[in-house]
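In: Here is a sequence together with a model predicted from it:
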Amino acid sequence: MTFETQDVERKTYSILKVLAGEEEPMGSIVIARKLKDLGIDLGERAVRYHLKMMDEQGLTRLAGRRDGRVITPLGQRELKQGMVKDKVGFALSRIELLAFRTTFDLEKRSGMVPVNISVFRRADFQKALRLIKPVMNSRLTVSKLVVVGRAGEKIGDFIVPSDSVGLATVCSIVVNGTLLKAGIPMDSKFGGLLQMQDHEPLRFVELIHYAGCSLDPSEIFIKAGMTSVSHTVKSGHGNILANFREIPAICRPIAHDVISSLARAGINGVLVFGSVSEPVCEVAVELNRVGIVLVGGLNPVAAVEEAGIEVESHAMSSVVEYKELVDFEEFIQ
């Protein structure tokens with residue numbers, strides 16, 4: 001495959017991602033603007049050129065008299081299956097993008113917060129909430145604050161499908177974002193399964209490095225049936241979702257203050273805050289670095305899947321305004 005062909009495929013893939021995030025038809029001007037927000041500089045004329053080719057391939061179609069396009073079912077399949085080699089490292093780039101989009105102000109308690117979005121069948125939603133409740137009341141969740149969306153409503157960039165209910169849970173990337181805002185770089189290493197013993201973190205038993213992964217590790221572990229979140233909440237023993245990060249040792253005092261401020265805002269994403277150059281949960285830490293273990297944001301949803309209820313999860317999905325978040329128990333009937 002030539003460089004030119006690869007370049008066309010990347011641009012096509014990017015346009016499909018933009019169209020998939022909107023329910024209404026979009027014209028070339030709007031698409032170009034949204035691509036620029038994602039760091040892709042593709043002018044209106046170039047977008048029109050690519051859209052014409054995508055129409056011919058059946059990936060998009062015109063909707064209405066103007067140049068508004070919508071993605072077709074074939075386009076949706078291509079979005080999920082195409083450009084696999086370009087998706088390697090996608091999880092890491094997604095973390096970096098959402099950390100940058102996080103604008104949460106610790107003092108004003110306002111700004112954008114990253115979320116995972118899970119979709120339930122409407123008939124299953126109340127049962128799912130009852131399964132989620134014990135996890136939300138434990139230390140195994142990032143926050144009890146959520147956003148609920150009904151069919152057709154938007155949660156961040158996501159549109160809830162028909163006959164479904166969407167649940168947005170706070171993503172642990174909020175820690176990356178708030179530390180970044182405070183001038184602290186955070187190195188995201190891997191997502192994994194963390195073994196708990198007597199309600200305390202013991203060691204990582206499985207891990208997937210973000211740099212070599214095209215999917216979020218949490219989604220993989222959940223679908224593989226490798227979690228035991230509900231059992232862990234009850235007994236203190238089992239495997240939960242967690243993420244491993246590192247920060248420079250010199251930033252440790254400031255990071256501690258930021259994490260404490262997050263906790264006062266109802267966000268408790270840090271499970272273990274290591275010491276300088278010392279291993280954390282049997283994971284080696286580089287010299288003059290500090291290891292941090294973050295709670296997996298999808299732990300509450302993992303408990304639902306463990307009970308056999310079907311859930312469609314989109315980890316690291318979008319950002320929502322902090323003031324839109326409410327205590328999840330308000331939705332339990």
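Out: Received the coordinates, thanks. This is a predicted model, so every value here is computed, not measured. Residues are numbered from 1 along each chain as shown.
In: Give me the below-cutoff pLDDT ranges for the protein.
Out: Along the chain, the parts satisfying pLDDT under 70 run over 1-7, 38-39, 64-67, 81-90, 212, 214.
In: buried stuff in stretch 258-274?
Out: Within stretch 258-274, the residues that count as buried by 16 or more other CB atoms under 10 Å are 258-259, 262, 265, 267-272, 274. Every residue, glycine included, has its C-beta placed from N, CA and C.
In: For that stretch, what is the distance to the chain centroid?
Out: On the basis of CA atoms, centre = their mean, to the nearest Å, stretch 258-274 sits 18 Å off its chain's mean C-alpha point.
In: And for stretch 281-295?
Out: 22 Å.
In: and what of stretch 157-175?
Out: Mean-position distance between stretch 157-175 and its chain equals 9 Å (CA atoms, centre = their mean).
In: Out of the buried residues of stretch 258-274, which is nearest to Ala284?
Out: Nearest to Ala284 among the buried residues of stretch 258-274: Gly274, at 10.9 Å, using CB to CB.
In: Check for me that the closest one belongs to a strand.
Out: Yes - under DSSP: H, G, I helix; E, B strand; the rest coil, Gly274 falls within a strand.
In: re earlier: and the buried residues of stretch 258-274, which two are furthest apart?
Out: Ala265 and Gly274 (22.9 Å).
In: chain center to stretch 313-320: distance?
Out: 4 Å.
In: Which residues does that stretch contact?
Out: Applying CB atoms under 8 Å, 6 or more residues apart in numbering, the external contacts of stretch 313-320 come out as 91, 94-95, 98, 101-102, 112-119, 147, 155-158, 168, 171, 173, 216, 218-219, 222, 297-298, 301.
In: Can you select the buried ones among those for me in ChimeraX?
Out: Buried residues within the contacts of stretch 313-320, by 16+ other CB under 10 Å, are selected in ChimeraX with:
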select :91,94,95,98,101,102,112,113,114,115,116,117,118,119,147,155,156,158,168,171,173,216,218,219,222,297,298,301
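In: For the stretch 151-300 of the chain, which segments count as helices?
Out: Assigned helices in the stretch 151-300 of the chain, in chain order: 173-181, 217-223, 229-235, 252-264, 299-306 (criterion: DSSP state H, counting those that start in this stretch).
In: Please identify the most buried of those helices.
Out: helix 299-306 (a mean of 26; mean count of other CB atoms under 10 Å).
In: Next secondary structure element downstream of that helix?
Out: Counting by DSSP states H and E, the element after helix 299-306 in chain order, helix or strand, is strand 311-321.
In: tell me which residues of that following strand are tucked away?
Out: 311, 313-320.
In: Adjacent strands (with direction) for the helix or strand just after that strand?
Out: Once the chain leaves strand 311-321, the next helix or strand it forms, by DSSP H and E, is strand 326-327. Next to strand 326-327 in the sheet, as set by DSSP bridges, lie strand 145-150 (antiparallel).
In: mind listing what's buried in the strand it pairs with?
Out: Residues of strand 145-150 classed as buried by neighbour count (16+ other CB under 10 Å): 145-149.
In: related to what we said a few turns ago, which among the helices of the stretch 151-300 of the chain is found nearest to Glu324?
Out: Of all these, it is helix 173-181 that lies closest to Glu324, at 14.1 Å by CB to CB.
In: List the beta-bridge partners for the closest residue to Glu286 other than its chain neighbours.
Out: Nearest non-adjacent residue to Glu286, counting by CB to CB, 6 or more residues apart in numbering: Glu246, 6.6 Å away. Legend: beta-bridge partners of Glu246 under DSSP bridges are Asp187, Gly291.
In: Tell me who's in contact with Glu246.
Out: Residues in contact with Glu246 (CB under 8 Å, 6+ apart) are 186-187, 189, 285-286, 289-292.
In: All set now, cheers.
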